[in-house]
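In: Any chance you can model this:
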Amino acid sequence: MSAVAEKVFPAPRPVVFAACTDNTNVVRCFKPYGPIPGVTRAELRDAEQLAVGVRRTITTSDGVTMDETILGYEVPALHHYRWGGELKPPFSWLVRTGTGHWTFSDEPDGTRVRWTYTFALTTPLVAPVMWALTFLFGRWMKQTLDGLADVVG
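Out: Numbers count the residues shown, from 1 in each chain. Predicted coordinates:
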């Protein structure tokens with residue numbers, strides 16, 4: 001099950017990519033939305049910068065800590081990761097892991113960011129509930145992209 005959000009940022013790809021992948025901006029811009037928690041901490045583990053294979057610890061506003069592994073990282077075009085961890089109910093009843101896939105492409109008026117989030121469900125039986133949550137998650141993603149656009153300027 002997936003959610004998608006897109007936004008055109010009025011800035012060059014290297015600037016947008018750097019802003020969207022900066023740990024400081026992850027904490028600043030990934031805010032709570034309804035039942036979806038925000039990010040309160042993002043820390044690299046055993047690395048100085050993001051790269052394929054690097055792990056990062058993400059802490060959310062509901063107190064959950066997730067391990068994130070970078071699956072793809074091509075400056076300034078692609079950021080791809082998967083997370084897993086101990087989610088709290090009701091999310092733990094619905095989702096095992098999530099995968100984020102960001103692409104950055106040139107547009108005449110700046111950079112298009114396309115963010116796809118795919119969830120691995122605990123069982124197909126939760127799909128009806130996840131449809132509603134995926135809709136909300138897409139709204140959270142849009143809110144996040146709007147916040148990142150404000151940071152970019």
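In: you'd agree Ala42 is up against Arg55?
Out: No. Ala42 is beyond contact range of Arg55, at 11.5 Å (criterion: Cβ atoms under 8 Å). C-betas here are computed from N, CA, C, even on glycine.
In: okay, now the closest residue to Asp67 other than its chain neighbours: neighbour count?
Out: Leaving aside its sequence neighbours, Asp67 sits nearest to Gly85 (Cβ to Cβ, 6 or more residues apart in numbering; 5.6 Å). Using other Cβ atoms under 10 Å, Gly85 has 16 neighbouring residues.
In: And for Asp62?
Out: Asp62, neighbours per other Cβ under 10 Å, totals 14.
In: can you check Lys7 too?
Out: By other Cβ under 10 Å, 18 other residues sit near Lys7.
In: got a list of what it touches?
Out: Each residue near Lys7 by Cβ atoms under 8 Å, 6 or more residues apart in numbering is listed here: Arg112, Val113, Lys142, Leu145, Asp146, Leu148, Ala149.
In: how about a cut-off of 10 Å?
Out: Under the criterion of Cβ atoms under 10 Å, 6 or more residues apart in numbering, the neighbours of Lys7 are 16, 110-115, 141-142, 144-146, 148-149.
In: From these, list just the buried residues.
Out: Val16, Gly110, Thr111, Arg112, Val113, Trp115, Met141, Lys142, Thr144, Leu145, Leu148, Ala149 (16 or more other Cβ atoms under 10 Å).
In: Which residues does the second one form beta bridges with?
Out: Assessed by DSSP bridges, Gly110 has beta-bridge partners Glu107.
In: Thr134 looks like it's in a strand, true?
Out: No. Under the criterion used here (DSSP: H, G, I helix; E, B strand; the rest coil), Thr134 is helix, not part of a strand.
In: In which helix or strand does the nearest residue to Thr111 once chain neighbours are set aside reside?
Out: In this structure, Thr111 finds its nearest non-sequential neighbour in Val16, 4.2 Å apart by Cβ to Cβ, 6+ apart. Using DSSP states H and E, Val16 sits within helix 13-21.
In: Just give me how far that helix sits from the chain centre.
Out: Between the centre of helix 13-21 and the centre of its chain there are 14 Å (Cα atoms, centre = their mean, to the nearest Å).
In: what comes up buried for that helix?
Out: Residues of helix 13-21 classed as buried: Arg13, Val16, Phe17, Ala19, Cys20, Thr21 (neighbour count, 16+ other Cβ under 10 Å).
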